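S.K.: What follows is a protein structure lacking sequence information:
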Ligand SMILES: O=C(O)CCC(=O)C(=O)O
Ligand SMILES: [Fe+2]
């Protein structure tokens, strides 16, 4: 059971930035993770500064995907990246540096607004079109994580745009441009991913075009004792694909062969990760990988996660074309509502939602 927090009156509920502004010099007990869940942030920083990179993610060059002579080879490396890592980077993705920088910059300025301005968007309704909040799921988290966030619902853009914050003045414009361009990128990548799975289905592509799209602006303030807490606990993302835009400050780690490895932020590239829905849809061939975020003692970090899936009311299930006698169905059908119910009822750590969709061996043999 989750520990009871004193609802709205608890200082934790007002977010980490608010807490830091009160001039704390140590991490309050509510944010202290159990020892096995913590990380040596000094070691991460040292590795990051050495010439040996922490982890080289596979790189997918989208200009090669558009080139008929290079498409087949690029699809093969894309498939391998989805199978082996669940994470990759895209370069030559067509989103201009101006749009990327504009998005990070406006996110930073949103979190610099006075607390009262930000608090106007606080909501405990996880289905709200705009939601400002803190931690992972502040209503049920046993330990709070060192993150404040602004979630923008982006589909359909025309109806949600008016609900987005009107301050900073350019937030709507910068976020709309970034949302439109990541949506196009999602459709291009899903077309390619469907092709790697042998599923060239125009109807499916149309559904992705109209699919759900949430944008999460994350703010991880500098932390006086970064080794005691986490910016985000280990989790997997629910959708098909997530794009992560980082501001240049190290923090994202992914689980790779049982070890936590740091993903170096590369200017101009986007990190892409496979979510639970794509793992289910591909019947386990593509992996939704656990990741977490570390904080540091000197620099606030901003990231923007753009999460894409099918429309909220659609069922997600293993593609029937990928299930046969030799490849039994591994997951039961799910939809976004089931995921929301799951997150609002408990703390979502690890891949517990995905695990809850896995069929047991007896069920597997029945399908
Ligand atoms: O901040 C990051 O690098 C990753 C954020 C993330 O994993 C998320 O928002 O789901
Ligand atoms: Fe994530």
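M.R.: Everything's here; your move. These figures come from a predicted structure and were not determined experimentally. Ligands and ions are numbered 1, 2, ... in the order given.
S.K.: Give me the distance between residue 197 and residue 259.
M.R.: 28 Å (CB to CB, to the nearest Å). For every residue, glycine as well, the C-beta is placed using N, CA and C.
S.K.: the more surrounded of those two?
M.R.: Each of residue 197 and residue 259 has its neighbours counted (other CB atoms under 10 Å); residue 197 has more, 19 against 9.
S.K.: Would you agree the more buried one is in contact with residue 284?
M.R.: No - between residue 197 and residue 284 there is no contact under CB atoms under 8 Å: 11.8 Å.
S.K.: check which helix or strand covers the residue lying closest to residue 92 once chain neighbours are set aside.
M.R.: Distance criterion CB to CB, 6 or more residues apart in numbering; nearest residue to residue 92, sequence neighbours excluded, is residue 63 at 4.0 Å. Residue 63 belongs to helix 62-66 when elements are defined using DSSP states H and E.
S.K.: With residue 151 instead?
M.R.: Assigned by DSSP H and E, residue 151 falls within strand 148-153.
S.K.: Buried residues in that strand, which are they?
M.R.: Within strand 148-153, the residues scored as buried using 16 or more other CB atoms under 10 Å are 148-153.
S.K.: How about stretch 307-327?
M.R.: Residues of stretch 307-327 classed as buried: 307-310, 312, 316-319, 322 (neighbour count, 16+ other CB under 10 Å).
S.K.: and the stretch 101-250 of the chain, which residues reach ligand 1?
M.R.: Contacts of the stretch 101-250 of the chain with ligand 1, taken as CB under 6 Å from any ligand atom, map to 216, 218, 232, 237, 244, 246.
S.K.: Pretty sure residue 189 sits against residue 273.
M.R.: No - with contact defined as CB under 8 Å, residue 189 does not count as touching residue 273 (11.6 Å).
S.K.: Of those two, which one has the most company?
M.R.: More crowded of residue 189 and residue 273, by other CB under 10 Å: residue 273, with 27 against 23.
S.K.: List the contacts of residue 87.
M.R.: Listed by CB atoms under 8 Å, 6 or more residues apart in numbering, the contact set of residue 87 reads 57, 81, 254, 263, 271-274, 289, 291.
S.K.: Now intersect those residues with the strands, please.
M.R.: 254, 271-274, 291 (DSSP state E).
S.K.: which stretches of the protein aren't confidently modelled?
M.R.: The model of the chain has pLDDT under 70 over residues 1-9, 45-54, 126, 343-352, 360-367.
S.K.: Would you map the helices across it?
M.R.: Secondary structure of the chain, counting by DSSP state H: helices at 16-21, 41-49, 62-66, 71-84, 97-111, 115-119, 157-160, 171-196, 202-209, 276-281, 336-345, 352-357, 361-366.
S.K.: Hey, what's the angle from the longest one to helix 71-84? Just curious.
M.R.: When you say that, I think you mean helix 171-196. Helix 171-196 runs at 100 degrees relative to helix 71-84, counting by axes from the mean of the first three to the mean of the last three CA atoms, to 10 degrees.
S.K.: Point out the other helices and strands that helix 171-196 packs with.
M.R.: For helix 171-196, the helices and strands in contact under the criterion 3 or more CB pairs under 8 Å, 6 or more residues apart in numbering; DSSP states H and E are helix 62-66, helix 71-84, helix 97-111, helix 157-160, helix 202-209, strand 213-220, strand 241-246, strand 301-308.
S.K.: Burial check on residue 105, number of neighbours?
M.R.: Neighbour count for residue 105, taken as other CB under 10 Å: 15.
S.K.: And for residue 357?
M.R.: Neighbour tally, residue 357, other CB under 10 Å: 21.
S.K.: go on, residue 265?
M.R.: A count of nearby residues for residue 265, using other CB under 10 Å, gives 19.
S.K.: and the residue nearest to it when sequence neighbours are not counted, what does it touch?
M.R.: Closest residue in space to residue 265, ignoring its immediate chain neighbours: residue 246 at 3.9 Å, by CB to CB, 6+ apart. Residue 246 sits next to 252, 265, 271, 301, 303 when contact means CB under 8 Å, 6+ apart.
S.K.: Could you save these as a markdown table and add columns showing distance to ligand 1?
M.R.: Shown next, in a markdown table, are the contacts of residue 246 (distance: CB to the nearest ligand atom, whole Å):
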| residue | distance to ligand 1 |
| --- | --- |
| 252 | 3 |
| 265 | 8 |
| 271 | 7 |
| 301 | 7 |
| 303 | 3 |
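S.K.: mind checking how far residue 227 is from ligand 1?
M.R.: As judged by CB to the nearest ligand atom, to the nearest Å, residue 227 and ligand 1 stand 18 Å apart.
S.K.: which residues are in contact with stretch 111-128?
M.R.: For stretch 111-128, the external contacting residues (CB under 8 Å, 6+ apart) are 14-15, 17-18, 21, 110, 130-133, 137, 139, 148, 150, 153, 165, 167-168, 217, 219, 300, 302, 340, 343-344.
S.K.: Before I go, just wanted to say thanks for your time.
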